[in-house]
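**Student:** After the sequence you'll find the predicted model.
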Amino acid sequence: MAKTPASAPRKTRTDSLPERHRAAQRRQKSREAQAPKTPASGGAVQVSGRRQPETLPGEQLAKPGREKDMGLRPRFTAPGYVGSGKLAGMAAIVTGGDSGIGRAVAVLFAREGADVAIVYLSETADAEETRAHVEAEGRRCLLIKGDVRKRAFCEKAVQQTVKAFGRLDILVNNAAFQLHADRLEDIDDERIDLTLQTNIGGYLRMARAALPHMQAGASIINTGSRTGLQGSKNLIDYSATKGAIHAFTKALALNVIDRGIRVNAVAPGPVWTPLNPADKKPADVRKFGKETDFKRVAQPEELSPAYVFLASPVCAGYITGIVLPVTGSVAAI
């Protein structure tokens, strides 16, 4: 595949950035004045002015789970985050971008000046909501529905993105499948294929399709997991794929560094997304995240700045091949 020449960077919307910055600072100070500075004994840790939920409802969703059906909606708008043009004129693909971490990443990428293509499996209503938020940030958003397990789809998704935006600078591999199992013997071959082909096969295929269109300064960010760092007794196949993603990140980083392309990963801990109430029992949902040192689950907006950091050449231009843990616990590695 021939390289597509990069189009000239477009000017990102500023809307009087200094005034926006001052307004955001005022909002942040107001929130900080209302927020407790230290957690109550045994309580959850809150370190920002926007107090995050500490108690989760014991809800359950049908797979694959729709964000719009959640009683407690995940937080993804990051109102205290002020964009500064870190990704101005760039174009990104976010797989699994219809909800959860992917949605939060898409919104902040747009706030930093990037156009975003959202790749999603089936949840069109969630994808449309994500597009509305991306466009509200003043950027273009392309929705691409399909299955990353299919080579032809991955190649088509990349081609559609390049045609629409004229370039491709960032790939976020984020689509995932998980299902708990008590024993390895309970996981049949169909389930093994689904987990592996979605979680690691899809990452390989999307990266392979994207790389011919990427130039120096581009980056790939893979979503790993704390389960890939420490395992999970009831997510054996999922943990295996996340460990593979971490190794893939390091191997690909070595492979493409001479092309000026960086490859990194984020390893989230427990995050409130549709993935978990669509898999866990209600009693387990209520306890989700309590095992962390923060004693609460993370919200997607607490993960998305890490993706901005790794995507931005001005922030992470000398960083490649790392797995950045955002787990809410000490000694994640």
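**Tutor:** Arrived safely, thanks for sending.

**Student:** Which neighbouring elements make contact with the helix or strand in which C154 is found?
**Tutor:** If you go by DSSP states H and E, C154 is part of helix 151-165. The helices and strands touching helix 151-165, judged by 3 or more Cβ pairs under 8 Å, 6 or more residues apart in numbering; DSSP states H and E, are strand 91-95, strand 115-120, strand 141-145, helix 202-210. C-beta: built from backbone N, CA, C; applies to glycine.

**Student:** what angle sits between the third one and strand 91-95?
**Tutor:** Relative orientation of strand 141-145 with respect to strand 91-95: 30 degrees, computed using axes from the mean of the first three to the mean of the last three Cα atoms, to 10 degrees.

**Student:** Put the alpha carbons of strand 141-145 into CSV.
**Tutor:** This file holds the C-alpha atoms of strand 141-145, laid out as CSV (Å, rounded to 0.1, in the frame of the first residue of the first chain):
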residue,chain,number,x,y,z
CYS,A,141,-16.1,12.5,13.4
LEU,A,142,-16.5,9.4,11.2
LEU,A,143,-18.5,6.4,12.3
ILE,A,144,-17.3,3.0,11.0
LYS,A,145,-19.3,-0.1,12.0
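
**Student:** That strand: partners in the sheet, and parallel or antiparallel?
**Tutor:** Sheet partners assigned to strand 141-145 using DSSP bridges are listed as strand 115-120 (parallel).

**Student:** And the contacts of the partner strand?
**Tutor:** 90-98, 102, 106, 109-110, 126-127, 130-131, 134, 139-146, 148, 157, 160-161, 164-165, 175, 206 (Cβ atoms under 8 Å, 6 or more residues apart in numbering).

**Student:** Now a ChimeraX select for only the buried ones of these.
**Tutor:** Selection of buried members from the contacts of strand 115-120 for ChimeraX, criterion 16 or more other Cβ atoms under 10 Å:
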select :90,91,92,93,94,95,96,97,98,102,106,109,110,126,127,130,131,134,139,140,141,142,143,144,146,148,157,160,161,165,175,206
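
**Student:** need the helices and strands packed on helix 151-165 in CSV with distance to G43 and mean pLDDT, can you?
**Tutor:** Converted to CSV, those look like this (distance: least, Cβ to Cβ, whole Å; pLDDT from 0 to 100):
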stretch, distance to G43, mean pLDDT
strand 91-95, 34, 98
strand 115-120, 36, 98
strand 141-145, 38, 98
helix 202-210, 37, 98
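
**Student:** ok so, going back, can you tell me the average pLDDT over the helix holding C154?
**Tutor:** Averaging pLDDT along helix 151-165 yields 98.

**Student:** Would you mind listing the outside residues contacting the helix or strand that comes right after it?
**Tutor:** The first helix or strand that comes after helix 151-165 along the chain, using DSSP H and E, is strand 170-173. Strand 170-173 is contacted from outside by 87, 90-95, 97, 102, 105, 109, 114, 202-203, 206-207, 210, 214, 218-223, 245, 307, 311, using Cβ under 8 Å, 6+ apart.

**Student:** Stretch 151-168 too?
**Tutor:** 4, 6-7, 90-93, 115, 117, 119, 140, 142, 144, 146-148, 202, 205-206, 208-210, 213-214, 218.

**Student:** how far away is M214 from A265?
**Tutor:** 17 Å (Cβ to Cβ, to the nearest Å).

**Student:** One more: R151?
**Tutor:** Noted for R151: a distance of 22 Å to A265, by Cβ to Cβ.

**Student:** any low-confidence regions in the stretch 51-200 of the chain?
**Tutor:** The model of the stretch 51-200 of the chain has pLDDT under 70 over residues 59-65.

**Student:** my hunch is that D182 is in a strand, does that hold up?
**Tutor:** No. With DSSP: H, G, I helix; E, B strand; the rest coil as the criterion, D182 is located in coil rather than a strand.

**Student:** Surely it touches N234?
**Tutor:** Yes. Between D182 and N234 there is a contact under Cβ atoms under 8 Å: 6.5 Å.

**Student:** Neighbour count for the two, which is higher?
**Tutor:** Shown here are D182 and N234; by other Cβ atoms under 10 Å, N234 has more neighbours (17 against 10).

**Student:** shouldn't the more buried one be in contact with L179?
**Tutor:** No. In this structure, N234 is not within contact of L179 by Cβ under 8 Å, at 9.5 Å.

**Student:** circling back to that earlier point, what about R151 and A265, which has more around it?
**Tutor:** A265 (27 against 13).
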